[in-house]
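>>> The following comprises the amino acid sequence and a computationally predicted model.
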Amino acid sequence: MLSPKLLKALNEQITKELYSSYLYLQMAAWFDSHTLPGMANWMKVQAQEEASHAMIFYNYVNERGGAVDLGAIAKPEGDFKKPVDLFKATLAHEETVTASINNLVSLAEAEKDYATRGRLLWFVDEQVEEESNAMTLIGTLEMVRDGNGLFQIDRELGARVFNLPAPLAGGAA
Ligand code: FEO
């Protein structure tokens, strides 16, 4: 059984992941409304990934005999000036998610719940990748000087596809 503290924190993480999905969907809408369909695609895939993260936590809470309790999802920020701003906001958001995952790891350790700690390590690695992706895109967009460069990046980001994360695809969590 999960301790009440850990159950509460894991439930809060489900809501945070769903908020992340909602935030990236709003960012996709910004790109769609600014005729950047490739970047919109990238954000839609990001939104799908976040929804799948919520499901990994959902499934884990159930697996441990806990009751999932969903919280309210806040309205996401949607007021941006230029494409790089959205990736800067993505990085800032991912840094808060990393802190949240690290807090969960610390809590699992404090509660001596090593099974939960083990499951969380997939998310620790995932956060390194998420922050790295956002940093790379910020760097790339900051190098762009004209519409042609933006067009090229947009086309590249249009190729991103959603892959079911390993913990949902039956792989190791
Ligand atoms: Fe679910 Fe972007 O971390």
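Cool, got the structure. Residues are numbered from 1 along each chain as shown.
>>> Now do the residue of the chain found nearest the ligand against residue 6, distance only.
Of the chain, the residue with the smallest distance to the ligand, taken as Cβ to the nearest ligand atom, is residue 53 at 3.7 Å. C-beta here means a position set from N, CA and C on the backbone, and glycine is covered the same way. For residue 53, the distance to residue 6 equals 17 Å [Cβ to Cβ, to the nearest Å].
>>> Look at those two and report which has more neighbours.
Counted by other Cβ atoms under 10 Å, residue 53 and residue 6 do not tie: residue 53 has more neighbours, with 26 against 20.
>>> Spatially, what comes nearest to that one if we skip its sequence neighbours?
Ranked by Cβ to Cβ, 6 or more residues apart in numbering and with sequence neighbours excluded, the top spatial neighbour of residue 53 is residue 17, at 4.2 Å.
>>> again with residue 16
For residue 16, ignoring the flanking residues on the chain, the nearest one in space by Cβ to Cβ, 6+ apart is residue 100 at 5.9 Å.
>>> quick revisit: mind listing what's buried in the helix or strand harbouring the residue nearest to residue 53?
Under DSSP states H and E, the secondary-structure element containing residue 17 is helix 4-33. Within helix 4-33, the residues that count as buried by 16 or more other Cβ atoms under 10 Å are 6-7, 9-28, 30-31.
>>> Equivalent analysis for stretch 114-134, please.
For stretch 114-134, the buried set under the neighbour-count rule, 16+ other Cβ under 10 Å, comprises 116-117, 119-120, 122-123, 126-127, 130-131, 133-134.
>>> what's in contact with that stretch?
By Cβ atoms under 8 Å, 6 or more residues apart in numbering, the list of residues contacting stretch 114-134 from outside reads 2, 6, 10, 53, 56, 60, 64, 87-88, 90-91, 94-95, 97-98, 101-102, 104-105, 108-109, 165-167, 172-173.
>>> Swap in 7 Å and give it another go.
For stretch 114-134, the surrounding residues in contact (Cβ atoms under 7 Å, 6 or more residues apart in numbering) are 6, 60, 87, 90-91, 94-95, 97-98, 101, 104-105, 108-109, 167, 173.
>>> cool, stretch 77-89 as well?
Residues lying outside stretch 77-89 but in contact with it, judged by Cβ under 7 Å, 6+ apart, are 26-27, 30, 36, 39, 134, 137-138, 141-142, 150.
>>> average pLDDT for it?
When the per-residue pLDDT values of stretch 77-89 are averaged, the result is 96.
>>> Contacts only, for the residue most central in space within the chain.
To find the centre residue of the chain, average its C-alpha atoms and take the closest one (Cα atoms, centre = their mean): that gives residue 50, at 4.3 Å. Residue 50 is in contact with 17, 20-21, 24, counting by Cβ under 7 Å, 6+ apart.
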